[in-house]
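> need coordinates for the following:
(chains A and B)
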Amino acid sequence: MSSKQTKNLSRRQFFGVAAGAAAGTQLARLSPLSVFPSRSKLSAPARQDTPVTLWGWPTQITRSLDTEGTDLLIPRVLEDTGVQLEVSLVDQADLAPRLRAALPSGTGPDVLATDFDVMGPYWQFMAPLNEFAEAEWGPNWKTELFSPTAVQEMDLVSQIVGRPDEVFYLPGNMQLLGWPYYWIEDFETHDIDVAAMTTFDDFIAACQKLKDAGLVAMRGSGHPAELADWFKVLVEVAAPGKMADVQRGIGSFTDPDMAETFNLIAMMYNEYMQEGAIAEDAGVSFNGFFAHESSMVYTFAGTPYFGFLNGDNEQVREDMRNSFGTFQIPGAAGLASTDGGMAMIEASQNKAAAWEFIKWATVGNGAAYTARDTSSPYGAVAITPALTGTDFDTNLAGPLFDALQSGNNVFRRVLCADVYSAITTTIPGVVTGQISAADAAAEVQEAFERNCEQWVTS
Amino acid sequence: MLSDKTPDSPIVYLSVSSAPPTVKKSFWKRHKINSGLAFVLPAVLMYLLFVAWPIISTVQTSFFDWDGISIEREFVGFQNYIDLLTNDRTFRLSIRNNLLWAGLSITSLAVFGFLIAYMLNQRLRFRNIYRTLIFLPATASLVVIGYTWEFMYRTDGGIVNEIFKFLGMESAIRIWLADANVTIFAVIVVGIWSSLGVWVVIYLAALQGIPQDLYDSAAVDGATGFKQMVYLAIPLTMPTTRALLILGMIGSINQFGLIFLMSRGGPYHASEVMAYQIYELAFRTNHAGYASALSVLLLLLSAGVTVAQLRLIKGNFRMFG
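Now for the predicted structure:
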């Protein structure tokens, strides 16, 4: 048989056709007549018999610790609701990449513990909860169930998503920013009275006094959430109230008083923290404080005591009650906001069971367990923390409960993920002297104008 | 014509028909399919799906301003490439760091890898123990290596600074992972340490492939010790060196893991490399179009370096001996 008769496909032709098919498929996606299904068609009817999957980062609402620090989340959920829960926790810094990889392709969990700092572009993948909530609690459920601050934040998220009549998460535990821990013994030895610290200069004077005594005044870390927390706190010292304005497009991050925030943070890291704090791991930072290597710690000060009163280390639990105190950094306005909320993924195929878990974690027994065992306040007004009479209750709980009722704190939050990313990237640059505060502020403003201004100001 | 012979005879049976014999064609031939290509088809399909398609998709995405999430995206032509090449300080830093990584690590690995392998190829007491110890880091997970060294590099109480303190070398103490001038070097050292074992083992295999006769002849000619290494071992292991250089170069350009684990590209991009920048852009700040343009440049760079090196080598390329 001749080659003319067989007319085999040559290798060149074969690869050409295959590569062409791949390219053609890609090009077809560009067409308005594309046959690929849109994301909204990926949802499927609820299926009650499969486990509910939960993603989040390790915070109060993604665990259910007993008084000795044992996590009972899964058995408690099963016992109270009959829902089998599968939990997958990732470090906060890795949460955004994980969501980015999963959600646009219609995969991911049934429930997400929301981290507000990175949620910006991902709210659109959350299912509206109004229908579930109204069926459960009636039309006025939002204001009847949750504190004004919590409601204000829920509404803000709805506006950002562009669907103001819908609710995309239920708030869980609440936090205040700007509350360091301190060793009571150190403050007494060096005659530092937290009640007498009324200005930021007083606070710096206290730090200097500890430093002069040969102590590390404060331990800190380079964790992005900690850097963002410092910004949100010290912006109230450098430019009170302007965080809200610049995120509405009034003024700019480059205004000298806003830019000064970076200098204040650099001063804290370079003058009063342990050497190399900007590259320190958050856990190492905490452990150093627990080992009394510093007089204060401000790592994750957004959740000043929640999680340690019933941590798994007995000595820490003991110290939290008897050796550590807390106070608000003077000048920091003490933002009260949701630490973690629970949202349902729109593509979930297990919505009914997911809703049962969300209820449990935010307004049900799950919230009640955590409030009882950690004294953690919740967005749900019916969930009352069990105060234990510690220094934390005296100094922190009162202001926090007031703030939960008064609201008006939400705009101290960084609302756009790109601004959050720019802030947490540039702060190390200022701390290590690579860029000036003005350069850092310009970079943050550029990120805001490029990716955030349109939807935040609207 | 029919035969008189019984039908039992095979000869008779075969000669019954006067028509020309017909051979039944297989499915493959009937459908004119080259069976060789059919056998490779599954592999080719996998390649197209998991390699070719993503590359085409990345090239396509690089012409758009897209966050990687929204359905809408804006065609911007070559703007992403123009911004990268003209207006991106971090990209320039990444390139510099990749070049630093390649230069320092490949040079160190080639020099130390060869020298250690040469020593371990001699008749030494406890030779196998030394070989095991040298290779041990190569068996550890990158995550374990990254976190362990991060702990060792701690400014306060880290073993590296403690050793300097013990030796009275206070001036050498650094904030290893937070000093913009030092961090990239600190991570490169870890990269070299973790790869050295592999290079040593490959060099050792190459050295063991050199016939003893050549050493004996060299000895007769008066070449001993150092001269044998320079004039015999180095030239004869050159093909291995070239292969390792190419692999080392590609590995350096694609470096990601240790940066991610130890410094996250910081402080303020000071230790960022291209692969990490792509990750940051695509997955943390949602600039998928821009990250795709950077990916395409990285692909072209890897391909260019590899082709250039292969041309320099011109076929004189082998891994062992």
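> you'd agree A:Leu415 is up against A:Gly120?
Yes: A:Leu415 is within contact range of A:Gly120, at 7.3 Å (criterion: Cβ atoms under 8 Å). Just so you know, the C-beta spots here come from the backbone N, C-alpha and C atoms, and that holds for glycine as well.
> quickly list what's touching both of the two.
Common neighbours of A:Leu415 and A:Gly120 (criterion: Cβ atoms under 8 Å, 6 or more residues apart in numbering or on different chains): A:160, A:452.
> quick one: the strands in the stretch 51-200 of chain B?
Remark: strands assigned in the stretch 51-200 of chain B by DSSP state E, counting those that start in this stretch are B:64-65, B:74-75.
> pull the distance from stretch A:258-266 to the chain's centre.
Averaged C-alpha coordinates place stretch A:258-266 at 22 Å from its chain's average position (Cα atoms, centre = their mean, to the nearest Å).
> quick one: is that stretch near chain B?
No: on the criterion Cβ under 8 Å from any Cβ of the partner chain, stretch A:258-266 is out of touch with chain B, staying 11.5 Å away.
> report the mean confidence score over that stretch.
Mean per-residue pLDDT for stretch A:258-266: 97.
> repeat that for stretch B:250-270.
91.
> so who does A:Val431 touch?
A:265-266, A:269-270, A:278, B:178, B:267.
> closest one of those residues to B:Pro42?
Using Cβ to Cβ, B:Pro267 comes nearest to B:Pro42 of those, at 47.7 Å.
> from chain A, how far off is that closest one?
Note on B:Pro267: its distance to chain A, by Cβ to the nearest Cβ, to the nearest Å, is 4 Å.
> was I right to think that residue contacts B:Thr183?
Yes: applying Cβ under 8 Å, one finds B:Pro267 in contact with B:Thr183, separated by 6.8 Å.
> the closest residue to B:Trp101 other than its chain neighbours in helix, strand or coil?
Spatial nearest neighbour of B:Trp101, excluding adjacent residues (Cβ to Cβ, 6 or more residues apart in numbering or on different chains): B:Ser252 at 4.7 Å. State at B:Ser252, reduced to three classes by DSSP: H, G, I helix; E, B strand; the rest coil: helix.
> what about the one residue in the stretch 1-150 of chain A that gets nearest to chain B, helix or strand, and which?
Taking Cβ to the nearest Cβ, chain B has its nearest neighbour within the stretch 1-150 of chain A at A:Pro97, 3.6 Å off. Using DSSP states H and E, A:Pro97 falls within helix A:92-102.
> please name the nearest non-neighbouring residue to the spatially most central residue of chain B.
Centroid-nearest residue in chain B, with Cα atoms, centre = their mean: B:Gly251, separated by 3.9 Å. Closest residue in space to B:Gly251, ignoring its immediate chain neighbours: B:Ser195 at 7.7 Å, by Cβ to Cβ, 6+ apart.
> list residues touching both of B:Pro267 and B:Thr183?
Taking Cβ under 8 Å, 6+ apart as the contact rule, B:Pro267 and B:Thr183 both touch A:Ala279.
> near chain A, which residues of the stretch 101-250 of chain B?
B:150-151, B:154-156, B:175-180, B:183.
> how about 10 Å then?
Proximity of the stretch 101-250 of chain B to chain A is confined to B:147, B:150-151, B:153-158, B:161, B:173-181, B:183 under the rule Cβ under 10 Å from any Cβ of the partner chain.
> quick one, which of the residues you listed are buried?
The neighbour-count criterion (16 or more other Cβ atoms under 10 Å in any protein chain shown) marks B:150, B:153-156, B:158, B:161, B:173-180, B:183 among these as buried.
> tell me which of those has the lowest pLDDT.
B:Asp156 (77).
> what ranges do the helices span in the stretch 51-200 of chain B?
Using DSSP state H, counting those that start in this stretch, the helices of the stretch 51-200 of chain B run over B:53-61, B:79-87, B:89-120, B:127-139, B:142-152, B:159-166, B:183-208.
> in chain B, which helix or strand is least confident?
Every helix and strand of chain B was ranked by mean pLDDT, DSSP states H and E. The lowest is helix B:10-14, at a mean of 46.
> any stretches of the chain with poor pLDDT?
I went with chain A, as the question did not name one. Along chain A, the parts satisfying pLDDT under 70 run over A:1-49, A:300-307, A:388, A:391-392, A:407-411, A:454-458.
> let's do chain B instead
Looking at chain B by pLDDT under 70, you get B:1-25, B:27-33, B:313-321.
> kindly recompute the last result at 80.
Along chain B, segments meeting pLDDT under 80 span B:1-36, B:38, B:156, B:309-321.
> buried deepest among the strands of the stretch 51-200 of chain B, which one?
Burial of the strands of the stretch 51-200 of chain B is given as mean neighbour count (mean count of other Cβ atoms under 10 Å in any protein chain shown); strand B:64-65 ranks first at a mean of 18.
> look up phi and psi at the residue nearest to the spatial centre of chain A.
Compute the mean C-alpha point of chain A, and by Cα atoms, centre = their mean the closest residue is A:Asp115, 3.5 Å away. In terms of degrees, to the nearest 10, the main-chain angles of A:Asp115 are phi -110, psi 110.
> thought it was touching A:Thr59?
Yes: between A:Asp115 and A:Thr59 there is a contact under Cβ atoms under 10 Å: 8.1 Å.
> common neighbours of these two, please.
A:92, A:225, A:339-340 (Cβ atoms under 10 Å, 6 or more residues apart in numbering or on different chains).
> now the buried members of the residues you listed.
A:92, A:225, A:339-340.
> can you put those in TSV and add secondary structure and distance to A:Trp360?
Formatted as TSV, these follow (DSSP: H, G, I helix; E, B strand; the rest coil; distance: Cβ to Cβ, whole Å):
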residue	secondary structure	distance to A:Trp360
A:Gln92	helix	23
A:Ala225	helix	26
A:Asp339	coil	17
A:Gly340	coil	14
